[in-house]
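[1] Got a predicted model here, sequence first, then my questions.
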2 protein chains.
Amino acid sequence: MNELMIKAKKAKEIVQSLGILSTATKNQALLVIADQLEKQSEYLIHENKRDIEEARSADVSQALLDRMILNEKRIHEMAEGLRLLVEIPDPIGEQIESWERPNGLQITKVTVPLGVIGMIYEARPNVTVDAAGLCLKTGNAVLLRGSSSVIHSNQAILKIIHEGLKQTGIPMEAIQLIEDTNRETVDQMLKLNEYLDVLIPRGGAQLIKTVVQNASVPVIETGAGNVHVYIDKDADLEMAKRITVNAKTQRPSVCNAAETLLVQKDWAKKYLVELLAELKAKNVELRGCETSLSIVPEIKKATEEDWETEYLDYIMAVKVVNDVEEAIAHINRYGTKHSETIVTNNTETAERFLQMVDAAAVYHNASTRFTDGFEFGFGAEIGISTQKLHARGPMGLKALTSYKYIVYGDGQIR
Amino acid sequence: MNELMIKAKKAKEIVQSLGILSTATKNQALLVIADQLEKQSEYLIHENKRDIEEARSADVSQALLDRMILNEKRIHEMAEGLRLLVEIPDPIGEQIESWERPNGLQITKVTVPLGVIGMIYEARPNVTVDAAGLCLKTGNAVLLRGSSSVIHSNQAILKIIHEGLKQTGIPMEAIQLIEDTNRETVDQMLKLNEYLDVLIPRGGAQLIKTVVQNASVPVIETGAGNVHVYIDKDADLEMAKRITVNAKTQRPSVCNAAETLLVQKDWAKKYLVELLAELKAKNVELRGCETSLSIVPEIKKATEEDWETEYLDYIMAVKVVNDVEEAIAHINRYGTKHSETIVTNNTETAERFLQMVDAAAVYHNASTRFTDGFEFGFGAEIGISTQKLHARGPMGLKALTSYKYIVYGDGQIR
């Protein structure tokens, strides 16, 4: 057995005992780990520097380096993230429903942890702490498979986490790091149905696609967002400007940022020039359909590829449509079922859009940037699901739970 | 594009319109189809005979033939199944939660259909009607990929279903049969993430395993049951006999039937002979561990394979264990997370078992045969899930739904 198999087997052996940990014990462990992360920040930063130096000599991009770095501020944020989890109600052991059958059987539906979770992610040490905290609070065991480029940082973080678990009497196998960072380890994880209950990939579109395409273990997909803003013929100009600019430019690199602007043709004739001027003023590169080019000739021509692309950058595709039906059809064809918004003062048109667009979150007169666990009020976020099974949209702690039926009888047979 | 791609694309194009069908329309379609199945039973039986004759000349087993046959009684049962669905509340469009955020955003969580469902199943024409009815009631579109050996029966059923949809103004693309029964069609379905939201395999363990191992589309796994009965040291002899015999022999071919008997050692010394005699009287072949052989020497010796096997037959493995902890460890190692029961008069021991055994349904002093949608009171059953994502245990109509967040604003940006 290799490292992965040994650790996965151990996780399965102890996982049931995590489901019955008291809320107090779990919270205490979270607090101890949070404190120790801060107290041992020098050690963490020292180990992190080893990763950073290796990455620098390997000539990785500045953007990637930036995500890898640990400093006092980031360590404090990681610790605060754990403290925040303490405040959230324990989702495990909750009685969801209970009923009696005519034969006297008492059936109770109770929340339980998912079990052993495989987390596959990229070079961000903060995800190590974040994932460990979420799994600890929900009574799940987790196998963390991070990137080789931050292995020293992750090993240091795990050392601190294990001290915290030891102090509070929680088995160390609850949170384990897979140190073997060969590509094959991931391939093996994807097929490890014997020991893993679920996989959660966190990172870029390519990583998630690889996991979804190849895993036989069930996956919680946190996905890409090819997000649209639709400006209806009955839209208010100022609101259209405000929402479009915010959805596109407030933080273009995230999944709930808008990528394509759809504009109703009559409205476009009157206001498209002015709306696009706002975007250009924010340095957004525009790529338009033929009709939009006939109104605003100076922008680039969009290709089929533009309708499919999640730019995550200061670029926006623009398409003029006949009506809300064409907007809905375009979104359902090219969208990724993440977040979509309509700007209109017509309630009927809005309702049609909200009902017919297939997405986790659909908005009327608001920016798509609100699709986020904190903005929804969930307290903590695991990610944003773009699939329809299990959990959809922003996922709070509940997404890391399942349930079981406990049935009490006094000798019933069938 | 081949037949599968054409039909899948069409399903995706119309699927959103199914989510807003009224309950009355859906129920009317169900009733029309139910009536027409009965009225056209001669035609159905005639088409079914073509399949049966081909199967006979291909020398298929009697058991398989039996499952393929349509007769008046079975057609009536299929129709009654559809009529039963009419009685069940519509799960779509239900407002699950609604709240306001400090910034004034109104967030509403509403149930929606899953979308386009791919159903892959074996030579049972009743599953065609059953799956079509469940998907119709829940506003899902379905692609039915049945077995080539009942293709004429399925085509005849689809003809009747399409007449019913037409009469009630529901798009025919809501329910489509994949008539190309090549193996490759299934392989293609498993990877059709572009058009399919979920796959549901229904059939034997091999079919389900193939789908789980190879699909990139999310799967609802309706799984195998390696089910255990644990007789604790504080068990009542009469109850132990009644529950063991019922769990094993009332219908051995189904997934909630017991396969392995675990008996606490002190209890075994006193009563194992008598308990096993009951099973032998019901023609159950027994395969025991060394300790049980020392008490009841005439039974066969069990091998490692016996602990892993779902016999689905009049065979039972028997193991003597030290205590409830050993029983729990054995079940969590060899079980398939389906249904498990403990017989004991000790409440504390029972609670330990119920909490620590990882299964969809855990029982105290009752037969495992109750793990079933109808027995649980769900009204209709899609299958019994042995995975932990989305739905666990007996699945009612709700398992065929997802949700979306509808967010109302008045210009909010971030």
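    Perfect, thanks for sending it.
[2] Can you give me the distance of the closest residue to residue A:335 other than its chain neighbours to chain B?
    The shortest distance from residue A:335 to any non-neighbouring residue, by C-beta to C-beta, 6 or more residues apart in numbering or on different chains, is to residue A:226 (5.6 Å). Heads up, the C-betas are built off the backbone N, CA and C, glycines and all. For residue A:226, the distance to chain B (C-beta to the nearest C-beta, to the nearest Å) stands at 13 Å.
[3] how many neighbours does residue A:226 have?
    Using other C-beta atoms under 10 Å in any protein chain shown, residue A:226 is surrounded by 24 other residues.
[4] Kindly export the helix or strand encompassing residue A:37 (C-alpha atoms) in PDB.
    If you go by DSSP states H and E, residue A:37 is part of helix A:23-39. This file holds the C-alpha atoms of helix A:23-39, laid out as PDB (Å, rounded to 0.1, in the frame of the first residue of the first chain):
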ATOM      1  CA  THR A  23     -19.700  20.500  19.300                       C
ATOM      2  CA  ALA A  24     -17.600  21.800  22.200                       C
ATOM      3  CA  THR A  25     -14.700  19.500  21.400                       C
ATOM      4  CA  LYS A  26     -14.800  20.500  17.700                       C
ATOM      5  CA  ASN A  27     -14.900  24.200  18.500                       C
ATOM      6  CA  GLN A  28     -12.100  23.900  21.100                       C
ATOM      7  CA  ALA A  29      -9.900  22.200  18.500                       C
ATOM      8  CA  LEU A  30     -10.700  25.000  16.000                       C
ATOM      9  CA  LEU A  31      -9.700  27.600  18.500                       C
ATOM     10  CA  VAL A  32      -6.500  25.900  19.600                       C
ATOM     11  CA  ILE A  33      -5.500  25.500  16.000                       C
ATOM     12  CA  ALA A  34      -6.300  29.200  15.200                       C
ATOM     13  CA  ASP A  35      -4.200  30.300  18.200                       C
ATOM     14  CA  GLN A  36      -1.300  28.100  17.300                       C
ATOM     15  CA  LEU A  37      -1.300  29.200  13.700                       C
ATOM     16  CA  GLU A  38      -0.800  32.800  14.900                       C
ATOM     17  CA  LYS A  39       1.700  31.900  17.700                       C
END
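[5] what's it in contact with?
    Contacts made with helix A:23-39 from outside it, assessed by C-beta atoms under 8 Å, 6 or more residues apart in numbering or on different chains, are listed as A:44, A:75-76, A:78-80, A:82-83, A:85-86, A:90, A:129, A:132-133, A:136-137, A:139, A:157, A:160-161, A:163-165, A:167-170.
[6] filter the residues you listed to the buried ones?
    When burial is judged by neighbour count using 16 or more other C-beta atoms under 10 Å in any protein chain shown, the buried members of the contacts of helix A:23-39 are A:44, A:75, A:78-79, A:82, A:85-86, A:90, A:129, A:132-133, A:136-137, A:139, A:157, A:160-161, A:164-165, A:168, A:170.
[7] What are the neighbouring residues in contact with the residue nearest to residue A:335?
    Shown here is residue A:226, whose contacts under the criterion C-beta under 8 Å, 6+ apart are A:259-260, A:308-310, A:334-336, A:338.
[8] what residue ranges in the stretch 101-250 of chain A score low on pLDDT?
    Within the stretch 101-250 of chain A, no stretch has pLDDT under 70.
[9] can you tell me the residue of it closest to chain B?
    residue A:246 (3.7 Å; C-beta to the nearest C-beta).
[10] what packs against the helix or strand hosting that residue?
    Residue A:246 is located in helix A:237-249, with elements delineated by DSSP H and E. For helix A:237-249, the helices and strands in contact under the criterion 3 or more C-beta pairs under 8 Å, 6 or more residues apart in numbering or on different chains; DSSP states H and E are strand A:227-231, strand A:258-264, helix A:265-281, strand A:339-343, strand A:361-366, strand B:401-412.
[11] buried stuff in that helix?
    Neighbour-count burial for helix A:237-249 flags A:239-249 (criterion: 16+ other C-beta under 10 Å).
[12] OK, contacts around the spatially closest residue to residue A:309 that is not a sequence neighbour?
    Nearest non-adjacent residue to residue A:309, counting by C-beta to C-beta, 6+ apart: residue A:259, 6.7 Å away. Taking C-beta under 8 Å, 6+ apart as the contact definition, residue A:259 lies against A:225-228, A:309-311, A:315-317.
[13] same check, this time on residue A:156
    For residue A:156, the set of contacting residues under the criterion of C-beta under 8 Å, 6+ apart consists of A:40, A:43-44, A:47-48.
[14] Let's verify it: helix, strand, or coil?
    Per DSSP: H, G, I helix; E, B strand; the rest coil, the secondary structure class of residue A:156 is helix.
[15] for residue A:102, same thing?
    The three-state label for residue A:102, taken from three-state DSSP, comes out as coil.
[16] Could you tell me the backbone phi and psi angles at it?
    Backbone torsions for residue A:102, taken as degrees, to the nearest 10, come to phi -60, psi -30.
[17] what separates it from residue B:89, distance-wise?
    Counting by C-beta to C-beta, to the nearest Å, the gap between residue A:102 and residue B:89 amounts to 20 Å.
[18] Buried ones from the contacts of residue A:156, can you make that a PyMOL selection?
    A single PyMOL command selects the buried members of these (16+ other C-beta under 10 Å):
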select buried, chain A and resi 40+44+47+48
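[19] From the contacts of residue A:156, which land in helices?
    Among these, the members falling in helices (DSSP state H) are A:43-44, A:47-48.
[20] near chain B, from the residues you listed?
    Here nothing survives when the ones in helices among the contacts of residue A:156 are matched to chain B using C-beta under 8 Å from any C-beta of the partner chain.
[21] For those residues, give me JSON lines that also has pLDDT and distance to residue B:35.
    Compiled in JSON lines, the ones in helices among the contacts of residue A:156 are given as follows (pLDDT from 0 to 100; distance: C-beta to C-beta, whole Å):
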{"residue": "A:43", "pLDDT": "98", "distance to residue B:35": "75"}
{"residue": "A:44", "pLDDT": "98", "distance to residue B:35": "71"}
{"residue": "A:47", "pLDDT": "98", "distance to residue B:35": "73"}
{"residue": "A:48", "pLDDT": "98", "distance to residue B:35": "71"}
